[in-house]
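> only geometry, no sequence info:
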């Protein structure tokens, strides 16, 4: 992406939307700050009718939505995803990455998240029953809202525009 000298890069939110339980919360924060938001999925879904929220429907297939997001993000962007490999790709590109439960991925947590994901994948492949994630709670929703608001505030302090 080319930048115009003296103009702050705009903060953009990218939502890995197929299984995201906090889209509505992300829309509210994006509206409060006037942020462009891309809702990326491989199936049609309703999004608010505003020029600041854009629905992107990619073709079906493994990692197509992930690739669309990862090819566009950089510093000053926020990615919302539960997909650890996508989170890693976006983090390496300089984006801020949040899980739907409000966990911000950073240098320290990314390696552990990838290792845990790979271990659980190996256990499932070997036939081990590992259970699923805990049910999504009101607390998770609240934690997400706080984390997204903090991420936007931090980026604005770092000189990115809204």
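In hand now; what should we look at? This structure is a prediction, so every number in the text was calculated from the model and none was measured.
> CA only for contacts and neighbour counts going forward, please
Fine.
> where's residue 21 relative to residue 153, distance?
22 Å (CA to CA, to the nearest Å).
> Also residue 47?
24 Å.
> got it, and residue 78?
12 Å.
> okay, these two: which has more neighbours?
residue 78 (25 against 14; other CA atoms under 10 Å).
> State the helix or strand in which that one lies.
In the assignment (DSSP states H and E), residue 78 maps to strand 77-80.
> ok, that strand: who's next to it in the sheet?
With DSSP bridges as the test, strand 77-80 is paired with strand 12-16 (parallel), strand 96-98 (parallel).
> and whichever helix or strand comes after it, how far from the chain's centre?
As assigned by DSSP H and E, the chain's next helix or strand after strand 77-80 is helix 84-92. Centre-to-centre, helix 84-92 and its host chain are 9 Å apart (CA atoms, centre = their mean, to the nearest Å).
> which helices and strands sit right next to helix 84-92?
Identification of packing neighbours for helix 84-92 by 3 or more CA pairs under 8 Å, 6 or more residues apart in numbering; DSSP states H and E yields helix 64-70, strand 96-98, helix 107-125.
> One more pass at 10 Å, please.
In terms of contacts (3 or more CA pairs under 10 Å, 6 or more residues apart in numbering; DSSP states H and E), helix 84-92 is packed against helix 64-70, strand 77-80, strand 96-98, strand 104-105, helix 107-125.
> what angle sits between it and strand 12-16?
170 degrees (axes from the mean of the first three to the mean of the last three CA atoms, to 10 degrees).
> Check what contacts the helix or strand where residue 140 lies and list those residues.
Under the criterion of DSSP H and E, residue 140 resides in helix 138-157. Contact with helix 138-157 is made by 8, 10-13, 21-22, 25-26, 28-30, 32-33, 35, 75-80, 96-104, 137, 158, 160-162, as judged by CA atoms under 10 Å, 6 or more residues apart in numbering.
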